[in-house]
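Enquirer: Sequence unavailable; structure follows:
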Ligand SMILES: Cc1cc2nc3c(=O)[nH]c(=O)nc-3n(C[C@H](O)[C@H](O)[C@H](O)COP(=O)(O)OP(=O)(O)OC[C@H]3O[C@@H](n4cnc5c(N)ncnc54)[C@H](O)[C@@H]3O)c2cc1C
Ligand SMILES: NC(=O)c1ccc[n+]([C@@H]2O[C@H](COP(=O)([O-])OP(=O)(O)OC[C@H]3O[C@@H](n4cnc5c(N)ncnc54)[C@H](O)[C@@H]3O)[C@@H](O)[C@H]2O)c1
Ligand SMILES: Cc1cc2nc3c(=O)[nH]c(=O)nc-3n(C[C@H](O)[C@H](O)[C@H](O)COP(=O)(O)O)c2cc1C
Ligand SMILES: [Zn+2]
């Protein structure tokens, strides 16, 4: 690691008026060809490059990003991290990720501010309770730390919550203490910094226009900066993955939908865990800067506008105001949208396909930020070995034919 | 919130409607004759283009009628709305301003504010 | 008939109407059968209402009609009509009378008032007299019939209390 | 040194009111904002900054304010209120923010001393170890120092929504908005004008730039225009209303403050959120003045020039008698004129423009009034203790001189306020003449007029408006606008002045709200964050509550210089709604708390209340969960009692919430055969059948009872929460796949109130109510139904039960429902007929082994998994979901299957949701995953068997019957030994059911 950051480096640079900081990453022109081209400079893409270089010894890699690093969903998500998914396959995948999160700041020597303040899923009716108790039990057998909280325990953790005087009272919650939030942009930057250090080319403002194949074998990519050859192409373009797959003649079972979020004005700390609710649809956490970061639901139609409808914002805010009466006096500072790619079973695809040398990591829908390190890690394994890691074996494309779906709708309806 | 012109009720806000995904996907006549893979294609796979998209809507909180639409998913503009018994309009009727499959349209996208 | 609210500019009265919901193809035979049973011709234009002070007959959409009886009727008679109509295979008639609630909304400010609860465009040029619409009001499905100086709004009976509360609430606050 | 009252101001009354700021009382004038009131009282230190806790004052006179945010104590402690727009009233109680213990002495200002370390992105570079420190020490500390205002108090807003549908919306009732409106008077267009201030006129009231219009003074002209507009039938004006959001298809959101300048009446709605749908949007929302970065450009006492002018003209207070003015453009001279009119005089006028570019009029005027003039000069910086005391000027010969002053008014030019225009997804373009972005290509029906369109010339205004509105076919309007300034706008580029004093603590700010300095920008670019979006996120530039209104273009200017690019190549960040922070309470409106979701009630609801029902939410429905016999009865006791009584004599449940769908038409039979797994062809008329509906993926979607009246007429029931889904599922296939089928569907859920009476005495009771019906088993066998006349209405009675007992389901018009319900109780009294709720229903059906959709099923369960093979019309060629049942995974024999589970030790209770395992104990802490077979989907204490009975979905369940396994518990590591059994616990031979 060349660029070492610490309190000392900060003091040192303070003396030189902060004018001597080194560049975090270079912006080279693309080479003629690479062993692996990763399409998409979000967290998953940059992470994949990092693990390919670090764990699989592949160094001749380019990450190609059409805009700026982390400008996709990595830069616009509500940053909730947890692993308490219902099915074993998911629980293993997401917990692999949480475990990597726990050491990521130190590993990359870049503070991701992973804050394990706990994630709470509220139950508002008998059905919610049943579903959550089942999930807690399954999680426990998978070695996860999800637990049941009764209303009193909830009130102790989140005193500002209105649990009784609302249309659908709060009846309890599933709580995962190891869950939390992280600084989303830092994830992209940290991986970029360290993979670039290991020789990965990071090419921004370069759009992949199509994936070139010959006889079911990948040849490279045509980009806005010309053709680039590649032995392997790994597509991690989130909302745009199915559009790119199409250029290689591959069809993916994905639909791209707007997903919106908003932040309030900053205030002093009032809420110290992440709270999500399905029936009263809203998710809240408070960032270290003080804003409430609030997630809405997906819009009900395909769209690539990064916008979404105002009615969805209204739905969310209604819920927030009801659950937290003090927020009635607060204000929305900014709202925005991302484009999420949704799979029919609400689980991702981390898989090879019928074209040799072409790999997809997609379908994370509304909840892939939490998986960033884990998904990148097993995807790198899949790309390097041309076969899946044990953890992502089930997340293949065949499941949409044989029916072996990993249906996380119940547990993942609030997938953030 | 986009406005949708229901062929039966007139213009209403999108929240009165539900989207039914890709249009003109006929249910296979003889499902038993299909392979698992082909059946899976029908059940789980739908086109997801950026740009011109043929899709279905239903006026859930109005007349409850289904209809088809052609919409530019890169700008959310409706290019045409037509009834189920109308013919599928030809793609050449519509102009896409996308420069590349995942590029942004020249105006109306979520991502550019400055004229290039 | 119950007064729900009244102010200088809006009045809302709950009414007891009877209603039949009709489905069919709208062709000649359909029209004849209906006319025979009900002595009223169903309107043929989408969203159109034909009415007098005793009834409203509206075409909700291309294969659906609502017939509302505005004055006291023998309920049995309505049930009989429904039964007779259902003798025809190509018609579905359902008695909607007591499963719905009816509100008559009048007053100078009725548009502004309703537009506190719905985004539906009530301007005469978009919602002419003697037409009907199905839309959301106060987050629930409603039908609204435009009778010149008043609207008839109906919704499912299970929402009765909720809907009345919302009407009163919004009136109190503005 | 001190503020001056402008008695000539017509927009403020001379009536005195009292306000409180940080515990001290001050007098203000009725009509003052918090800012103008404080300025009037010579208070300039208002708050502390976000990161460094630097002293801050009032920087602007409007929505763009980055500094002066206050807390309104008497309005539920509302935080982060902009002092510059919050109107005062008698008794308002305000406090400053982000300081401790006091505004003057704030401990947090230590951050300023440490600031060289807190450089851009410093969080990312430290606090990484030791383990656990981030969570316990660093993060809580960081969180506490950040965050500005204190949390508000509980507050239940009464704000309402108002929808509008109009032809034309005019945003901004300033000069151009009013001209446009005048043209539209008495036309056929329905027009709405929205103005954020309580007075119309915009620049006409905010400055003295315009002297007269058509010979009238501007005040008269605005009044006359307003009168004309109010007199027209087609135009409405909303004042105190701010447009915040511009959505697709010309949908805009605006917020009206109904108590601006008044104490809130808590019985009324304090805010109205307007939702406007329009055909054309005219943006006439003006411009925003921008600042210039220089050393300590954040000191209290620095205030934008046109804001200073606005305080004089609009609020009748000149914040200072002798400010220094610093400008790079031609507009600022009007401030000098305003001051001179008041008898004050600027201490200096500094103009960075080339001498030759400065208007002769300006030079002459300054000379005539003897004002020290510094052409081709700039402010190097300013200094002072918590306020401006000294301003350093770099003269045309680059020498630094200084002036003592207490206020400094910079003007860096104007930005067309393109926020709303870009929200609408229009494209903007760089204009070298005004040195700013201006609207170029509209995406919607959007027209921009006046300064928002980049037109800064008054003389040209009518021309522009006539041209742009000509498509509306309205008359031209030509006004003679006489100005106090030279009309041709001139500006020279200036984003930042060079600092001479190189102290590590001296700062030249680019974002005042988030404490971002120009040095931070440079450092970030050095580190590789050279995309403007990276810069924004790395430094937090323009991410504050003001969203960089006065500074974001400046940052582009600075960045473009460093990168040696054109500003248009650097690009802007994305403008996102809202234009200014928008109240959550107002967005929610009334549709929250009790109106969050509509409540649906059955016609029996009030009876349930009277009989101590405890309700459960099922979808939107309120359903009795159980009935409390008396206060002391627990839920468990009630359910045990209800369940027992039902099997002993009879019980009744209100099932009105069940969905009911009437299906009719020539092809009804074919349709039903396609929609459900069951075969309906051979079914006899007037019989009913339990039926299953699948999704195309083969998974169970819903169940219900289908009544066949004849081949052309069916009635189907659905689950309570599944009703809308099932109806739309049917409609979808009917309309889109099989339009050739002649079938009509009506929802009749609400048209029939439904009760199910069951138990050994059910027949006796019902026979007493319906005396002329023969309920004999042969005459009225299981799964048949009949229609009867009952008191002027029709009732349908079906032999069916969900409890496993002899049962009748009655469908009756809501008109007679309650009466009939009470009748049943009348006759049922002697048999102790009990009303029961959903919990007892669930218990009784579990005893009988019936499944509940959503409890035994979860979207991954096929009918085969539930051993419902008998319900599948195998001979049918097709039905929805059929093909999916033979996919390799769904056809597997070792899938999870439904079984019954009982504890071997009958005193133990199995919890729902626990899992079935093969091991007797679990480790204390589970490190490697434990294999499990499946989970407990339902579990109850059966009062009739007097032990726990459970249902479970377990792998290969069918083959495991009779086996001993274990069920985990939530309490500890010891699992409960259980036996796998058939899920039917009571009456497997159906004796009770068909008796
Ligand atoms: C509002 C919102 C809230 C969310 N909240 C959460 C949450 O709380 N928790 C959670 O776990 N997840 C959440 N998610 C989901 C999460 O953000 C995503 O699943 C995750 O960030 C995906 O990461 P990625 O790296 O795959 O995609 P991205 O970060 O989107 O990266 C894909 C990149 O590919 C680039 N690209 C696309 N096309 C091309 C092309 N042709 N050529 C080159 N590059 C291309 C894009 O520009 C983009 O930068 C949320 C998402 C949104 C939108
Ligand atoms: N020569 C110069 O120095 C100079 C500089 C700038 C402008 N001008 C001239 O000044 C005139 C300005 O007139 P104008 O009408 O464009 O601007 P204006 O300032 O007169 O009016 C804008 C109005 O819009 C309102 N507004 C802004 N945003 C709003 C929102 N979101 N919601 C509701 N109301 C909002 C403001 O309160 C204001 O009243 C133009 O003629 C222009 O040429 C001259
Ligand atoms: C967790 C999180 C916190 C954010 N906090 C702020 C904030 O304090 N201020 C702000 O202006 N934007 C904030 N944003 C929103 C960004 O400004 C921006 O809208 C978002 O990254 C989407 O990018 P875009 O709007 O440029 O498309 C935040 C975004 C995220 C994901
Ligand atoms: Zn319609």
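Expert: Yep, that arrived. As the structure is a prediction and not an experimental result, all values here were calculated from the model. Ligands and ions are numbered 1, 2, ... in the order given.
Enquirer: Skip the chain neighbours and tell me the closest residue to whichever residue of chain B sits closest to chain A.
Expert: Residue nearest to chain A within chain B: residue B:110 (3.1 Å; Cβ to the nearest Cβ). Just so you know, the C-beta spots here come from the backbone N, C-alpha and C atoms, and that holds for glycine as well. Among residues not flanking residue B:110 along the chain, residue A:306 sits closest, at 3.1 Å (Cβ to Cβ, 6 or more residues apart in numbering or on different chains).
Enquirer: Which residue would you name as the spatial centre of chain B?
Expert: Taking Cα atoms, centre = their mean, the centroid of chain B lies closest to residue B:55, which sits 2.6 Å from it.
Enquirer: can you count the residues close to the residue nearest to residue B:110?
Expert: Neighbours of residue A:306 under the rule other Cβ atoms under 10 Å in any protein chain shown: 23.
Enquirer: wait, doesn't it sit right on residue A:299?
Expert: No: applying Cβ atoms under 8 Å, one finds residue A:306 not in contact with residue A:299, separated by 11.2 Å.
Enquirer: Next, the contact list for the residue nearest to residue B:110, please.
Expert: A:76, A:258, A:336-339, B:109-111 (Cβ atoms under 8 Å, 6 or more residues apart in numbering or on different chains).
Enquirer: how about a cut-off of 10 Å?
Expert: Residues counted as contacts of residue A:306 (Cβ atoms under 10 Å, 6 or more residues apart in numbering or on different chains) are A:71-73, A:76, A:239, A:258-260, A:336-339, B:104, B:109-111, D:574, D:576.
Enquirer: give me the residue from chain C nearest ligand 1.
Expert: residue C:139 (24.3 Å; Cβ to the nearest ligand atom).
Enquirer: Also chain B?
Expert: Closest point on chain B to ligand 1, by Cβ to the nearest ligand atom, is residue B:102, at 3.7 Å.
Enquirer: Could you check the pLDDT of that residue?
Expert: On the pLDDT scale, residue B:102 is placed at 92.
Enquirer: ok, now which ones touch it?
Expert: Counting by Cβ under 10 Å, 6+ apart, residue B:102 has contacts A:39-40, A:66, A:207-210, A:237, A:239-241, A:243-244, A:246-247, A:304, B:50-51, B:74.
Enquirer: what are the ranges of the strands in chain C?
Expert: C:2-6, C:11-15, C:18-23, C:49-51, C:55-61, C:64-69, C:92-95, C:100-106, C:132-137, C:140-147, C:150-156 (DSSP state E).
Enquirer: Using a markdown table, please lay out the ones you listed together with mean pLDDT and mean neighbour count.
Expert: Shown next, in a markdown table, are the strands of chain C (pLDDT from 0 to 100; neighbours: other Cβ atoms under 10 Å in any protein chain shown):
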| stretch | mean pLDDT | mean neighbour count |
| --- | --- | --- |
| strand C:2-6 | 96 | 13 |
| strand C:11-15 | 98 | 18 |
| strand C:18-23 | 97 | 24 |
| strand C:49-51 | 96 | 19 |
| strand C:55-61 | 96 | 22 |
| strand C:64-69 | 97 | 22 |
| strand C:92-95 | 96 | 25 |
| strand C:100-106 | 98 | 21 |
| strand C:132-137 | 98 | 24 |
| strand C:140-147 | 98 | 20 |
| strand C:150-156 | 98 | 21 |
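Enquirer: how about those strands, which one is nearest ligand 2?
Expert: Closest among these, once you apply Cβ to the nearest ligand atom, is strand C:132-137, at 27.6 Å.
Enquirer: how near is residue D:291 to chain A?
Expert: 21 Å (Cβ to the nearest Cβ, to the nearest Å).
Enquirer: actually residue C:131, sorry about that
Expert: 25 Å.
Enquirer: pretty sure that residue contacts residue C:45?
Expert: Yes: taking Cβ atoms under 10 Å as the definition, residue C:131 is a contact partner of residue C:45 at 8.8 Å.
Enquirer: and the residue of chain B closest to chain A, what does it touch?
Expert: A:258, A:303-308, A:336-339, B:74-76, B:104, D:425, D:574, D:576.
Enquirer: Near ligand 1, list only the ones from those residues.
Expert: Applying Cβ under 6 Å from any ligand atom to the contacts of residue B:110, one finds that residue A:338 fall near ligand 1.
Enquirer: Sitting in helices, which of the contacts of residue B:110 do you find?
Expert: Counting by DSSP state H, none of the members of these fall within helices.
Enquirer: Tell me, please, the helix or strand in chain A that averages the lowest pLDDT.
Expert: Here the helix or strand of chain A ranked lowest by mean pLDDT, DSSP states H and E is helix A:409-412, holding a mean of 58.
Enquirer: Just confirm residue D:767 is within a helix.
Expert: Yes: with DSSP: H, G, I helix; E, B strand; the rest coil as the criterion, residue D:767 is located in a helix.
Enquirer: Please work out how many residues are found near it.
Expert: Quick note: residue D:767 (other Cβ under 10 Å) scores 16 neighbours.
Enquirer: Find me the pLDDT at the residue nearest to it when sequence neighbours are not counted, would you?
Expert: Spatially, and ignoring its direct neighbours in sequence, residue D:767 is nearest to residue D:775 (5.1 Å; Cβ to Cβ, 6+ apart). Here the pLDDT value assigned to residue D:775 is 96.
Enquirer: quick one: contacts for residue D:775?
Expert: So residue D:775 contacts D:762-767, D:786, D:797, D:799, D:806, D:808 (Cβ under 10 Å, 6+ apart).
Enquirer: Cross the residues you listed against strands and list the overlap.
Expert: Reading strands off those with DSSP E, I get D:786, D:797, D:799, D:808.
Enquirer: any idea how far ligand 4 is from the last one?
Expert: Which is residue D:808. Residue D:808 is 40 Å from ligand 4, where distance means Cβ to the ion, to the nearest Å.
Enquirer: now do residue D:10
Expert: 52 Å.
Enquirer: Not counting sequence-adjacent ones, nearest residue to that residue?
Expert: residue D:219 is the one closest to residue D:10 (Cβ to Cβ, 6+ apart), at 5.7 Å.
Enquirer: One more: residue C:118?
Expert: residue C:137 is the one closest to residue C:118 (Cβ to Cβ, 6+ apart), at 4.3 Å.
Enquirer: what's the closest residue to residue D:959 other than its chain neighbours in contact with, if anything?
Expert: In this structure, residue D:959 finds its nearest non-sequential neighbour in residue D:894, 8.0 Å apart by Cβ to Cβ, 6+ apart. Shown in contact with residue D:894 (Cβ under 10 Å, 6+ apart): D:955-959.
Enquirer: Does chain A have contacts with stretch D:501-519?
Expert: Yes: using Cβ under 10 Å from any Cβ of the partner chain, a contact is recorded between stretch D:501-519 and chain A, made by D:502-504, D:513-514, D:517, D:519.
Enquirer: what's the spatially closest residue to residue D:967 that is not a sequence neighbour in contact with, if anything?
Expert: Nearest non-adjacent residue to residue D:967, counting by Cβ to Cβ, 6+ apart: residue D:976, 4.7 Å away. Residue D:976 sits next to D:901, D:903-905, D:908-911, D:914, D:916, D:920, D:948, D:950, D:965-969 when contact means Cβ under 10 Å, 6+ apart.
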